[in-house]
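K.L.:
have a look; sequence and predicted model below, questions after that.
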Amino acid sequence: MPRRPYVVASAAMSVDGYLDDGDVTRLLLSNDADFDRVDDVRASCDAILVGAETIRRDDPRLLVRSSLRRQARVAAGRPANPWKVTLTGSGDLDPNAAFFTAGEAGRIVYAAGGTAGSLTDRLGDLAVVVDLGERLDLSALLADLWVRGIRRLLVEGGSRIHTEFLTAGLVDELHLVVAPFFVGDPDGTRFVGAGTFPHGPDQRMRLAEVRQIGDVVLARYLLAAADHFWLREAIELSRLCPRTESAYAVGAVIVDAEGRELARGYSRETDPNDHAEEVALSRVPPGDPRLATATLYSSLEPCTSRASRPRPCAELTLAAGIRRVVIAWREPALFVDCHGVEQLREAGAEVVEIPELAPLVREINAHLFTADR
Ligand SMILES: NC(=O)C1=CN([C@@H]2O[C@H](COP(=O)(O)OP(=O)(O)OC[C@H]3O[C@@H](n4cnc5c(N)ncnc54)[C@H](OP(=O)(O)O)[C@@H]3O)[C@@H](O)[C@H]2O)C=CC1
Ligand SMILES: Nc1c(N[C@@H]2O[C@H](COP(=O)(O)O)[C@@H](O)[C@H]2O)[nH]c(=O)[nH]c1=O
């Protein structure tokens with residue numbers, strides 16, 4: 001299962017759900033303060049993706065406007081602007097579009113349907129053209145971005161792009177701005193089209209933040225994909241554990257309700273007896289108010305009994321005030337019996353299990369299950 005960047009989808013819509021009207025000029029839904037907020041989000045990302053139709057219709061520059069933000073990126077060793085990314089099946093992209101001509105930025109065009117060759121000829125040095133075959137698979141696109149060093153991707157739309165990313169379950173965080181007017185245009189473009197979305201009435205998104213920005217409202221949602229992303233992060237962390245035949249390799253990450261990482265740790269990180277969860281928990285000050293709404297991601301079920309330390313990890317998790325835990329694998333009874341999931345649930349915590357990631361954790365711990373252990 002290849003790794004992928006954290007994906008933030010961002011859109012501004014009218015109260016009746018339009019991204020744009022049918023007019024040729026670009027419809028401004030955000031106000032100045034909100035465009036500045038979007039600029040800040042852009043500056044926090046490694047790449048910005050829009051669909052080819054948005055390039056054709058809006059001719060966006062997709063740059064960080066604030067020179068201070070560009071300077072801060074450069075000071076942190078990053079390029080002044082994020083990479084610009086688009087995808088096309090028709091190959092209908094104008095080399096004179098601002099996407100290709102404005103600002104210093106890397107550019108990638110993901111091409112499908114046999115258009116890569118002619119695009120490469122037409123675009124020359126303006127962009128890297130990646131051929132993704134007959135039908136463009138978004139997971140393959142994200143895996144390629146990961147390999148190119150993109151860790152945080154901003155998807156700015158338009159409608160078809162948002163629909164495809166959201167229905168594929170590939171959006172971790174959604175930033176939705178509502179502008180205080182109606183569009184009501186039959187030729188306008190809605191935020192998303194029809195489709196099967198992972199978050200229907202039975203699986204509501206988690207509301208991370210609501211912010212008033214002048215006359216618009218920003219709602220920030222965390223999606224189920226984010227649990228998958230952070231748990232995968234915890235699992236990858238467990239690969240750093242010093243190897244031993246007598247304990248599991250575990251990784252843990254604590255993330256606050258706004259989707260920001262608070263701490264991480266892995267087994268035996270600072271001491272041979274360390275457990276991943278206790279290392280991560282020790283890095284957040286006790287009583288930090290963010291813990292009450294934070295999520296602990298652990299590759300393995302938190303332990304309920306220990307020989308080497310007085311307090312097991314399920315108890316430490318509850319004592320820290322954490323009420324939401326996401327795990328990949330229940331601990332097999334190799335060393336001790338573990339009832340972490342039950343203990344956490346009995347104490348009122350929500351425990352989410354993502355069993356499709358369990359085989360990866362088992363693979364990292366495969367040496368514990370060999371006969372000559
Ligand atoms: N208010 C807001 O926040 C925003 C509004 N917008 C608005 O959205 C509108 C554009 O939205 P929309 O018309 O849906 O177009 P999109 O911007 O979503 O682009 C769609 C195009 O992207 C390419 N594409 C998408 N998925 C694939 C795939 N799987 N394989 C290959 N190519 C793919 C295709 O390009 P091709 O046709 O070349 O094959 C397709 O036509 C504009 O009016 C714009 O103003 C856009 C962004 C933000
Ligand atoms: N109209 C609209 C948005 N449109 C997005 O902004 C892009 C323009 O980028 P740039 O040329 O760099 O300023 C455009 O193509 C589309 O992706 N975004 C928003 O947050 N709010 C808005 O009201």
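P.N.:
Happy to help now that I have it. Ligands and ions are numbered 1, 2, ... in the order given.
K.L.:
C-alpha only now, for contacts and for neighbours.
P.N.:
Fine.
K.L.:
shouldn't Gly89 be in contact with Thr115?
P.N.:
Yes. Taking contacts as Cα atoms under 8 Å, Gly89 lies within contact range of Thr115: 7.0 Å.
K.L.:
quick one, helices of the stretch 1-150 of the chain?
P.N.:
Secondary structure of the stretch 1-150 of the chain (DSSP state H, counting those that start in this stretch): helices located at 32-44, 52-58, 67-75, 98-101, 116-123, 138-147.
K.L.:
right, and those helices - which one's nearest Ala219?
P.N.:
helix 32-44 (12.2 Å; Cα to Cα).
K.L.:
contact residues of the stretch 151-300 of the chain facing ligand 2?
P.N.:
Residues of the stretch 151-300 of the chain lying close to ligand 2 by Cα under 6 Å from any ligand atom are 156-157.
K.L.:
any chance you could map the strands in the stretch 151-300 of the chain?
P.N.:
For the stretch 151-300 of the chain, the strands defined by DSSP state E, counting those that start in this stretch cover 152-157, 173-179, 189-190, 206-213, 216-222, 251-255, 261-266, 295-300.
K.L.:
would a markdown table of the ones you listed with distance to His228, mean pLDDT and mean neighbour count be doable?
P.N.:
Output for these, formatted as a markdown table (distance: least, Cα to Cα, whole Å; pLDDT from 0 to 100; neighbours: other Cα atoms under 10 Å):
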| stretch | distance to His228 | mean pLDDT | mean neighbour count |
| --- | --- | --- | --- |
| strand 152-157 | 15 | 97 | 24 |
| strand 173-179 | 12 | 98 | 22 |
| strand 189-190 | 28 | 98 | 20 |
| strand 206-213 | 14 | 95 | 14 |
| strand 216-222 | 11 | 97 | 20 |
| strand 251-255 | 12 | 98 | 28 |
| strand 261-266 | 14 | 97 | 22 |
| strand 295-300 | 10 | 97 | 30 |
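K.L.:
deepest of the helices of the stretch 1-150 of the chain, which one?
P.N.:
Of the helices of the stretch 1-150 of the chain, the one with the most neighbours on average (mean count of other Cα atoms under 10 Å) is helix 98-101, at a mean of 20.
K.L.:
how distant is that helix from the center of its chain?
P.N.:
26 Å (Cα atoms, centre = their mean, to the nearest Å).
K.L.:
using PDB, write down the CA coordinates of that helix.
P.N.:
Output in PDB follows, covering the C-alpha atoms of helix 98-101 (Å, rounded to 0.1, in the frame of the first residue of the first chain):
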ATOM      1  CA  ALA A  98      -0.700  31.600 -15.900                       C
ATOM      2  CA  PHE A  99      -0.400  28.100 -14.400                       C
ATOM      3  CA  PHE A 100       2.700  27.700 -16.700                       C
ATOM      4  CA  THR A 101       4.000  31.300 -16.900                       C
END
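K.L.:
what ranges do the helices span in the stretch 251-373 of the chain?
P.N.:
For the stretch 251-373 of the chain, the helices defined by DSSP H, counting those that start in this stretch cover 276-282, 313-319, 340-346, 358-364.
K.L.:
in the third one, what's buried?
P.N.:
For helix 340-346, burial by neighbour count (16 or more other Cα atoms under 10 Å) applies to 340-341, 343-344.
K.L.:
which elements pack onto that helix?
P.N.:
Where contact means 3 or more Cα pairs under 8 Å, 6 or more residues apart in numbering; DSSP states H and E, helix 340-346 is packed against helix 313-319, strand 350-353.
K.L.:
equivalent analysis for the last one, please.
P.N.:
With contacts defined as 3+ Cα pairs under 8 Å, 6+ apart, helix 358-364 has these neighbours: strand 295-300, strand 324-329.
K.L.:
partners of the first one in the sheet?
P.N.:
Going back to what we said before, that points to strand 295-300. Strand 295-300 has the following strand partners under DSSP bridges: strand 251-255 (antiparallel), strand 324-329 (parallel).
K.L.:
which other residues reach the first one?
P.N.:
Contact with strand 251-255 is made by 230-231, 233-239, 261-267, 276-277, 280-281, 294-300, as judged by Cα atoms under 8 Å, 6 or more residues apart in numbering.
K.L.:
residues near the nearest residue to Ile161 once chain neighbours are set aside, how many?
P.N.:
Spatial nearest neighbour of Ile161, excluding adjacent residues (Cα to Cα, 6 or more residues apart in numbering): Gly51 at 5.9 Å. Neighbour count for Gly51, taken as other Cα atoms under 10 Å: 20.
K.L.:
then His162?
P.N.:
Quick note: His162 (other Cα under 10 Å) scores 24 neighbours.
K.L.:
repeat that for the one 4 residues further on.
P.N.:
By the criterion of other Cα under 10 Å, Leu166 has 22 neighbours.
K.L.:
and it, what does it touch?
P.N.:
Counting by Cα under 8 Å, 6+ apart, Leu166 touches 197-198.
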